[in-house]
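Undergrad: take this sequence and fold it.
(one chain, ligands or ions: 1)
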Amino acid sequence: MTDITYFGEGSTKVGESEDVLDTTFRTMGTAYGFDLVEVGYASYKEFKSTWQRLGKQVTFEISDYLGGARPEVLGDFAQALYERIEKRAPACVYSPRLKAYLESDDFVRRNQATYLKRSRNLTKSSRGGHFDLKETYGRLVDSGIVSPSSNVSLNWTRSANRMRVGYCSVLMRVVAISSLLDNEKVPDFVHEYVLYHELLHLEDGLSDGHRHHPPEFKAREKQYPKWRESEDWLRKLAAHKVDLS
Ligand SMILES: [Zn+2]
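TA: Numbers count the residues shown, from 1 in each chain. Prediction:
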């Protein structure tokens with residue numbers, strides 16, 4: 001998936017969207033006892049928002065990935081932030097409505113291309129020098145251990161990362177595999193296994209911590225037919241015990 005431009009029908013224009021953001025955060029800020037609220041969108045690569053609080057003043061920089069969100073969804077996000085600022089919640093707690101939007105196809109269609117553009121270490125192509133991740137993905141789906149999905153973006157990394165051979169953004173439905181594995185001296189099941197691992201994270205969605213590998217996750221990993229061989233290969237690669245030149 002490259003260069004997707006999405007103009008959803010009835011999508012909010014930028015100016016309009018800034019106004020909605022402003023109104024939403026100011027109105028809620030008043031309810032939380034703030035008398036000066038400043039807010040704007042920021043183009044962070046990751047879905048990240050920041051704030052600075054000084055007494056009864058607060059300034060927000062909100063991830064522009066929320067630019068297309070409906071006012072009530074923005075309201076839920078504002079509330080999650082104010083609750084966090086007031087330390088009424090230990091972490092940002094998202095409402096079911098906000099979570100549903102972040103997990104929707106609409107959110108991915110609006111933001112995935114921008115996220116890829118901001119991800120400088122990705123080739124933005126499934127095709128490597130030796131392996132095509134689209135074909136690998138197809139094999140995993142055909143074998144039945146992965147359920148098909150229409151909005152996953154498959155990429156190789158530009159730098160050949162050795163310690164972190166796979167990466168995913170569950171939110172953006174983006175998977176990246178280290179180009180270290182795109183080598184004829186590395187059997188094809190190795191990158192297939194890493195892709196399988198990342199796709200498991202995508203299947204778990206936002207509810208499951210991205211970086212966590214609980215016992216159930218480990219058990220699912222082992223469903224990969226060449227699990228042990230793959231793990232052995234990854235260990236050898238990490239220890240520089242394979243000549244890839
Ligand atoms: Zn993982």
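Undergrad: shaky segments in the chain?
TA: 1-16, 207-211 (pLDDT under 70).
Undergrad: give the contact list for the most centrally placed residue in the chain.
TA: Among the residues of the chain, S169 comes closest to the average C-alpha position under Cα atoms, centre = their mean, at 2.3 Å. Contact partners of S169, counting by Cβ atoms under 8 Å, 6 or more residues apart in numbering, are E46, Y115. Glycine gets a C-beta too; all of them are placed from N, C-alpha and C.
Undergrad: cool, and the one 3 residues further on?
TA: By Cβ under 8 Å, 6+ apart, the contact set of M172 is F47, V108, N111, Q112, Y115, L116, S153.
Undergrad: turn those into JSON lines, including distance to V165 and secondary structure.
TA: What follows is the contacts of M172, written out as JSON lines (distance: Cβ to Cβ, whole Å; DSSP: H, G, I helix; E, B strand; the rest coil):
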{"residue": "F47", "distance to V165": "23", "secondary structure": "coil"}
{"residue": "V108", "distance to V165": "24", "secondary structure": "helix"}
{"residue": "N111", "distance to V165": "25", "secondary structure": "helix"}
{"residue": "Q112", "distance to V165": "22", "secondary structure": "helix"}
{"residue": "Y115", "distance to V165": "20", "secondary structure": "helix"}
{"residue": "L116", "distance to V165": "19", "secondary structure": "helix"}
{"residue": "S153", "distance to V165": "18", "secondary structure": "strand"}
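Undergrad: how far out from the middle of the chain is stretch 185-195?
TA: Relative to its parent chain, stretch 185-195 has a centroid offset of 22 Å by Cα atoms, centre = their mean, to the nearest Å.
Undergrad: typed the wrong thing, it's stretch 110-125
TA: Averaging C-alpha positions (Cα atoms, centre = their mean) puts stretch 110-125 11 Å from its chain's average.
Undergrad: quick revisit: quick one, which of the contacts of M172 are buried?
TA: For these, a burial check counting by 16 or more other Cβ atoms under 10 Å picks out F47, V108, N111, Q112, Y115, L116, S153.
Undergrad: how close does the fourth one sit to L21?
TA: Going back to what we said before, that points to Q112. Q112 is 21 Å from L21, where distance means Cβ to Cβ, to the nearest Å.
Undergrad: just give the number of residues close to Q223.
TA: The number of residues packed near Q223 is 12, by other Cβ atoms under 10 Å.
Undergrad: next: the one 5 residues further on.
TA: Using other Cβ under 10 Å, R228 has 10 other residues around it.
Undergrad: over to G129?
TA: For G129, the count of nearby residues is 9 (other Cβ under 10 Å).
Undergrad: with D182 instead?
TA: For D182, the tally of surrounding residues (other Cβ under 10 Å) stands at 21.
Undergrad: and the closest residue to it other than its chain neighbours, how far from N111?
TA: Distances taken as Cβ to Cβ, 6 or more residues apart in numbering put G128 closest to D182, at 3.6 Å, once the chain neighbours are dropped. Going from G128 to N111 by Cβ to Cβ gives 25 Å.
Undergrad: with adjacent residues omitted, what lies nearest to Y32?
TA: Y82 (4.7 Å).
Undergrad: having no further points to raise, I will conclude here.
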